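# this is a predicted model, with the sequence first.
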Amino acid sequence: MLPHELGTEALRQSMVESLMRVIGLPDDEDTAREADDVLQSLDARLRAEPTAA
């Protein structure tokens, strides 16, 4: 499943998992790109959600 197809909570969990993979494989560019994709999707999702007043 692509990052933009996940719900917000699933994206948050995916971000944590992606960061753990980056920590484990700091020189792997594919891992970094995947983490960036998740981050960009989560950022866009959170920007689109209404904020609590």
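On my side now, so go ahead. Residues are numbered from 1 along each chain as shown.

# for the longest helix along the chain, enumerate the helices and strands it packs against.
For the chain, the helix that runs over the most residues, judged by DSSP state H, is helix 29-48. Helices and strands touching helix 29-48, by 3 or more CB pairs under 8 Å, 6 or more residues apart in numbering; DSSP states H and E, are helix 8-24. For every residue, glycine as well, the C-beta is placed using N, CA and C.

# per-residue confidence averaged over the helix it packs on?
Confidence for helix 8-24, expressed as mean pLDDT, is 94.

# quick one, that helix and helix 29-48 angle?
Using axes from the mean of the first three to the mean of the last three CA atoms, to 10 degrees, the interaxial angle of helix 8-24 with respect to helix 29-48 works out to 150 degrees.

# buried residues in helix 8-24?
The neighbour-count check on helix 8-24 (16 or more other CB atoms under 10 Å) flags 11, 14-15, 18, 21-22 as buried.

# what sits against the residue nearest the centre of the chain?
Among the residues of the chain, the one closest to the centroid is Val38, at 2.6 Å (CA atoms, centre = their mean). Taking CB atoms under 8 Å, 6 or more residues apart in numbering as the contact definition, Val38 lies against 3, 11, 14-15, 18.

# now for these: which two are most distant?
The span of the contacts of Val38, defined through CB to CB, is set by Leu11 and Ser18 at 10.0 Å.

# pretty sure Ala35 contacts Glu17?
No. Shown here, Ala35 and Glu17 do not form a contact pair, counting by CB atoms under 8 Å, at 9.0 Å.

# hmm, back to that, how far off centre is the longest helix of the chain?
In terms of CA atoms, centre = their mean, to the nearest Å, the centre of helix 29-48 is found 4 Å from the chain centre.

# so what's Arg21 up against?
Here Arg21 is in contact with 28, 31, 34-35 (CB under 8 Å, 6+ apart).

# number of residues surrounding Ser41?
Ser41: 19 surrounding residues under other CB atoms under 10 Å.
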